[in-house]
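S.K.: build me a model:
(2 chains)
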Amino acid sequence: MERSTFRGGIHPRYEKIQTNSKKIEHSNIPEIAVIPLAQHIGAACSPCVEVGDTVKKGQKIGTPNGFVSSPIHASISGTVKAIEKRPHPLGRDDVVAVVIESDGNDEWTGDLIEHENYLDMSADDLKKIILEAGIVGKGGATFPTHVKLSPPPNQEIHTVILNGAECEPYLSADHRVMVESPHDVVEGLKIVMKVLGVKDGYIGIEDNKPDAIKAITASLQDLRPADTNIDVVVLETKYPQGAEKQLIKVITGNEVPSGGLPMAVGVVVQNVGTAASIYEAARYGRPLIDRVLTVSGLGINEPKNLKARIGTPFTQIIEECGGLKSGVKKVIMGGPMMGMAQHTLNVPVIKGTSGLLAFTKSEAASFAVRPCIRCGRCVEVCPMGLAPNVLGTYGELYMFEEASDANVMDCMECGSCVYICPAKRPLVHLMRFTKREVIVARHKEKEKEEKK
Amino acid sequence: MSEEQLFTISSSPHVRAEDTIPKIMYTVFLALVPAALFAVYNFGLQAMIIILLCIASCMLFEWAFQKFAGMPVMAFDGSAAVTGLLLALNLPATIPWWMAVIGSFIAIVVGKQVYGGLGANIFNPALVARVFLLISWPVEMTAKLGFAPKPLLGSALDATTAATPLGAVKEMIQMKEPITSAVSQFNPTELFFGFHGGSMGEVSIIALLIGAAILFYKKYITWHIPVTYLATVAVFAAIFYFTDDKELPRHAPVWFHMLSGGLILGAFFMATDMVTSPITHKGMIIYGFGCGFLTIMIRAFGAYPEGASFAILLMNLTTPVIDMYIKPKKFGEVSSNA
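M.R.: Alright, predicted model coming up:
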């Protein structure tokens, strides 16, 4: 397939060489796992265990509230020590965490149901398994997967795309999953296609991961069912290639309408890691209790790809990677473009932890913010076709209505504008602030109308 | 945890490209150095004095204003230095030193700081000063465009005054005589290398193109403004030249227009000023066309021999309007309308 591209984007230094050829290592089972009851976009879970209960690995400990929610499971076996507020890597201070002390046995719960012929199951049964397994998007956005697999009845879905772009610098977790478990990824895709009744599937991989492309292509040869089209699409290495809307544009040629979901153009996108988890859930009945993350940055002594249990504290992860070097200035959960800076290492790995980066002064350089000189680079790189410099100024001047008219809500906070800005203006920060204000204003408007 | 470490918290992204405003400004400065060096070679030591004076006084006025107004002092971010150098290159070498200082004051204070400083000015500061000086002291700004071959070896007395190419042509038109004799005084090679009278920095096309190449290489300018600008001048110049009155020709050939006056300096270094030009490529093309159209109209039919400065300043005015109407194409717009 010919390689097409999307408008805008940047070419940051990728810095993947430190980890992209390193095999995934298994992190130690944590002595104490801190499992927040909200690891996904949507409503937090309610705890369904009590302090003092013994739990087994894979046992449900949080039940979802509402449709856009996803259950949480114990990632180790042991005793529930506390159910209380703990620091959350996404800064959520509204949720509690279940704290489990390991009994050292690492025993699975007894009610896991294996399915040898998972592809013969009905779409509804598969969807139920995915919901019950607590599977959410592992790319970082953590949108509950079963919601994505439940299009409205009048919405036709014709394509499933697996996102193996991994365009964030430093990260190589998806890359390694594709290289080491291509079978699980492809089978996961087949399950998703089965659930949605779709015949066209694509796996998009950036061309800086030739071994992943090779591995997936090879396993496709053995695993591709006769009645479907599954293809690997080699993507240009450009950030944000893995952004859902940009990926769909490159692979299908269609633009998701402003404010719309990928479903609007008949596409569902899943991360490759999510696909592997879907396979594990359908085949072995295992819920999502661990994930692969990249631990890297100049501040880490031994950069690695680690498979860690959900709830493993960052301190342990860092210790297993040789500890922090001196002079670490910033710790980031996720990639350097969209990840979240952490104020403490006392937070756990959650379902969306794609990376853990420790930046030294040279990587996390801070700059003096200068006035905008209207160079237009942010306009050039914005993949959403916005004018970030103007939107930033609207935010600074509290001109939220104007910002809304200038489509600030289309901003996906990819950070390309901030990356390229020679004045080092904190544009994404201003966008976030502005978007929040716009949402609040729209909410108020709605309430007012309803009162009438 | 063994000890509590303090980490920096900030909004994503956590990595940045290397370019900064000072880096851009000093690169633009560097790109103007070939033209400045040629000016010194061509017009002598006095050119160097005026150039250094303009740079120093622009930075000084910037520093003083920011200090006085209680603003953060950013006089060394390179933007005042670029304005000073650009202003100097837009002046004749023979200008009295105090006029150059007044020009610097106009550029920095009236052209830039009163709007709020860097990034907020509507007009190109150096051009505001040039036009101010041109209107205030037309004789000093045009009549004595000194030309001193090999001045570094000879004395300043060697300086002679010579008409600029565009000035010579305009003179013929005003005397209602055919311009052919004025045009024939100059040949393309001479104009290209810059051995003739004019403002210090505009005469040597080759020196300016070397600088422009640096800006293109660094991606500080794109083709949109300069190419549209030059192409528009060339097309209109061609139309006028080929439809000219055979008895009393009043339009110079295309090469003459392209190689003389402030066109090249304007197209690559003034019209491309990021602050005062549109931010979208489509907007830049409209803007470039406007600059070209106004330049050739002033040259062909106006009272002044050269129109580049006026054209760019007038188009500066349209930039906010262009940016208001020419928006980047939003992702997802097509499908939502379909």
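S.K.: please enumerate the strands of the stretch 1-150 of chain B.
M.R.: B:146-147 (DSSP state E, counting those that start in this stretch).
S.K.: can you get me the start-to-end distance on stretch A:98-110?
M.R.: 21 Å (CA to CA, to the nearest Å).
S.K.: nope, stretch B:258-273 is what I was after
M.R.: 20 Å.
S.K.: quick check: residues of the stretch 101-250 of chain B near chain A?
M.R.: Proximity of the stretch 101-250 of chain B to chain A, by CB under 8 Å from any CB of the partner chain, involves residues B:Gly117, B:Leu118, B:Gly119, B:Ala120, B:Tyr220. Just so you know, the C-beta spots here come from the backbone N, C-alpha and C atoms, and that holds for glycine as well.
S.K.: show me which of those residues are buried.
M.R.: B:Gly117, B:Leu118, B:Gly119, B:Tyr220 (16 or more other CB atoms under 10 Å in any protein chain shown).
S.K.: so who does the residue nearest to the last one when sequence neighbours are not counted touch?
M.R.: Counting by CB to CB, 6 or more residues apart in numbering or on different chains, B:Ile24 is the residue found nearest to B:Tyr220 once chain neighbours are left out, at 6.0 Å. Taking CB atoms under 8 Å, 6 or more residues apart in numbering or on different chains as the contact definition, B:Ile24 lies against A:Ile373, A:Cys375, A:Pro422, B:Gly78, B:Tyr220.
S.K.: test my guess that the fourth one contacts B:Thr20.
M.R.: No: under the contact definition of CB atoms under 8 Å, B:Gly78 does not touch B:Thr20, with a separation of 9.5 Å.
S.K.: so, low pLDDT: which residues of the chain?
M.R.: As the question left the chain open, I've gone with chain A. A:1-3 (pLDDT under 70).
S.K.: hm, I was asking about chain B
M.R.: Residues of chain B that meet the cut-off, pLDDT under 70, sit at B:1-5, B:143-162, B:334-338.
S.K.: follow-up on the earlier one: name the nearest of the residues of the stretch 101-250 of chain B next to chain A relative to A:Thr274.
M.R.: B:Tyr220 (42.2 Å; CB to CB).
S.K.: okay, and A:Asp174 sits in which element?
M.R.: helix A:173-180 (DSSP states H and E).
S.K.: do the same with A:Asp106
M.R.: Here A:Asp106 is assigned to no helix or strand, by DSSP H and E.
S.K.: what's the local residue count around it?
M.R.: 14 (other CB atoms under 10 Å in any protein chain shown).
S.K.: from what I can see it touches A:Lys57, true?
M.R.: Yes: using CB under 8 Å, A:Asp106 is in contact with A:Lys57, at 6.0 Å.
S.K.: need the overlap of contacts for the two.
M.R.: A:Ile76, A:Ser77.
S.K.: list the contacts for the residue of the stretch 301-450 of chain A found nearest chain B?
M.R.: With CB to the nearest CB, the shortest gap between the stretch 301-450 of chain A and chain B falls at A:Gly415, namely 3.2 Å. Applying CB under 8 Å, 6+ apart, we find A:Gly415 in contact with A:Met337, A:Met338, A:Val428, B:Ser12, B:Pro13.
S.K.: what sits against the residue lying closest to it once chain neighbours are set aside?
M.R.: Among residues not flanking A:Gly415 along the chain, B:Pro13 sits closest, at 3.2 Å (CB to CB, 6+ apart). Contacts of B:Pro13 were listed using CB under 8 Å, 6+ apart, and they are A:Pro336, A:Met337, A:Met338, A:Gly415, A:Val418, A:Tyr419, A:Val428.
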